[in-house]
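Engineer: give me a model of this one.
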Amino acid sequence: MTAPNLDFDSLTVLDAALAYARAGLRVLPVSRADKAPLLPHGAHDASCDEATIRGWWRRWRAANVGIALDGLLVIDIDPRHGAPADRDEVAAMLGPWPETAEAITGGGGRHLYFRARDGLHPPGSLAPGIDVKSGPGSYVVAPPSLHANGRRYAWDGVGDPLDALRNLPLAPAWTYRRPAGPRDAAPDDAEPIPEGLRNITLFKLGCALRRRGLSRAGIEAALLAENAQRCQPPLPEDEVRRIAASCARYRAGAGGGPKPDEEGQQAKAPAGGIDAARITSPAEALAILNALGIWKTIRWAEWKRRGDTLIGVTEAGEEVRISARRLLIFDHCAGEIMAATGVSILRPRKGMIRTVWGQVAELIHQAASGDVVRTAPPEEELRQDLLRCWQMAGEPAPETSEELYRVLAELRGYVRKPHEETAPPAVFQWGLCWHVRLDVFRLWLSTPLAAARFTSIDQLQAHAALLGFKPHHQALQVQQAGDRIRMRTWSAPLEALDEV
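Structural biologist: Numbering: from 1, shown residues only. Predicted coordinates for the structure are as follows:
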């Protein structure tokens, strides 16, 4: 008798993880906030063992599920980063693919699953917004995981996802093809461009123009003209502008890396450092930012904040988006700025990256503070941050003294050696109360994993008091195997962090 097909839309993430494991796929818990693996060695620690998987989800109950890609290959199509939104245009651009397991991502993209070809190593990217993921250490987030935007990953047009995953076809040969880039020759300009080939043809033409040194504006003007004259029918102008922006991400001219006259230059810390308390307005912070030599030719018109995203707009109209959680990571920010503007900003000298870029990050926060994004009082934002820290730590809610010991031991370990990429159990439930170590929570808030915020302990205590938290009248104590842990916390009734 054939087992009924599983309805993944109705499964819990844990049940889905167990179903994948029974089908022979190695799985791992993944952070809902930023898709980062929650295991020390990422996908290398993925498992098919049911007891291991259940243990992970007891620890991280809000985790999403990732599938390790040993022997598998997934094509990640993301229209937000330049890929065509139409599935048929992707096929026309890259080539056809056999019927296979396909999933719609929480971000509105698409994952195509295949078996990898033995001994062949695909490129990381096939075109703007179209990436290839494969091999040891690689993974993808799988249905029914919940995206940070509130939408779930879902299988698309697959009657039995598990059967489809057990019987995946080989990846198409074109997945191992070198991606299009600035060295691609311009296409023949004598022929009309039919529907289905418009995006890739304009993209190749734009890359050729970028190689000749044209600016983004020049590429855009040329592609708009080609689109109007040759494309049948013409693409929407907004789509052509997105193609031009993708081409402009490549370095102009034939070479790569910094220009000869820029080699050896390094960013320096702002003279005298930055005293955030003395900056009186976002306009002053923006003026100081623009006075820094780190940006080379970039001039900022404004910085603003939307949720967890900081948005910088240059005077040339280019828009840089940086996650607040990653603002303190220089290499990430430099990459985002390079992608949006084509300018490689100066790198602080070795040993000074954290100091210099930390001061720049503080200025960016100050410059963005004038944008009206606050929709709730500070204590309400604190409530949301406390819940987020609790969820990212696995929603710790010990019910026995042994479980409380494990929570406090993990928290003690974080106090002794903080880790930027780990959410400490600074917030937990015990004895019908919320408990929080505000000093550890403040430390976590300042990391890229949280929001890279600069908050004083006095402010945290004042806002926590408004939520109903107060210093617990006596320290929590627990002992196990001769190890005694005594820890003071702030506490509040469980209803203090209820959704409003």
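
Engineer: can you tell me the element residue 485 falls in?
Structural biologist: Using DSSP states H and E, residue 485 sits in strand 483-487.

Engineer: I'd like to know which elements that strand is packed against.
Structural biologist: helix 401-416, strand 476-480 (3 or more Cβ pairs under 8 Å, 6 or more residues apart in numbering; DSSP states H and E). Yep, even glycine has a C-beta here, placed from its N, CA and C like the rest.

Engineer: now the ones you listed in TSV, with mean pLDDT?
Structural biologist: Converted to TSV, the helices and strands packed on strand 483-487 look like this (pLDDT from 0 to 100):
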stretch	mean pLDDT
helix 401-416	87
strand 476-480	88
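
Engineer: of those, which is nearest residue 457?
Structural biologist: helix 401-416 (14.3 Å; Cβ to Cβ).

Engineer: buried stuff in that closest one?
Structural biologist: Neighbour counts over helix 401-416 (16 or more other Cβ atoms under 10 Å) mark 403, 404, 405, 406, 407, 408, 410, 411, 414 as buried.

Engineer: give me the residues contacting that helix.
Structural biologist: Contact with helix 401-416 is made by 396, 398, 422, 424-426, 428, 430, 437, 440, 476, 478-480, 483, 485, 487, as judged by Cβ atoms under 8 Å, 6 or more residues apart in numbering.

Engineer: which of the residues you listed count as buried?
Structural biologist: Buried, going by 16+ other Cβ under 10 Å: 396, 398, 422, 424-426, 428, 430, 437, 440, 476, 478, 485, 487, out of the contacts of helix 401-416.

Engineer: who touches stretch 14-25?
Structural biologist: 6, 8, 11, 27, 29, 47-50, 53-54, 57, 65, 67-68, 142-144, 162, 165-166.

Engineer: hmm, 7 Å instead?
Structural biologist: With Cβ atoms under 7 Å, 6 or more residues apart in numbering as the test, stretch 14-25 has contacts from 6, 8, 27, 48, 50, 53, 57, 65, 67, 142-144, 162, 165-166.

Engineer: which one among those gets closest to residue 112?
Structural biologist: residue 165 (12.2 Å).

Engineer: the strands in the stretch 51-200 of the chain, which residues?
Structural biologist: Using DSSP state E, counting those that start in this stretch, the strands assigned to the stretch 51-200 of the chain run over residues 64-68, 72-77, 102-104, 110-115, 125-127, 130-134, 139-141, 154-155, 193-194.

Engineer: returning to that earlier point: now distance to residue 462 too, for the helices and strands packed on strand 483-487, in CSV please.
Structural biologist: Shown next, in CSV, are the helices and strands packed on strand 483-487 (distance: least, Cβ to Cβ, whole Å):
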stretch, distance to residue 462
helix 401-416, 23
strand 476-480, 23
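
Engineer: what mean pLDDT does the strand holding residue 485 have?
Structural biologist: In this model, strand 483-487 has an average pLDDT of 89.

Engineer: point out where the stretch 101-250 of the chain drops to low pLDDT.
Structural biologist: Along the stretch 101-250 of the chain, the parts satisfying pLDDT under 70 run over 119-121, 123, 177-191, 195-197, 200, 250.

Engineer: end-to-end on stretch 345-356?
Structural biologist: By Cα to Cα, to the nearest Å, the extent of stretch 345-356 from end to end equals 13 Å.

Engineer: buried sites along it?
Structural biologist: Neighbour counts using 16+ other Cβ under 10 Å place 345, 346, 347, 348, 353, 356 of stretch 345-356 among the buried residues.

Engineer: pretty sure the fourth one sits against residue 354.
Structural biologist: If I follow you right, that is residue 348. No - in this structure, residue 348 is not within contact of residue 354 by Cβ atoms under 7 Å, at 8.5 Å.
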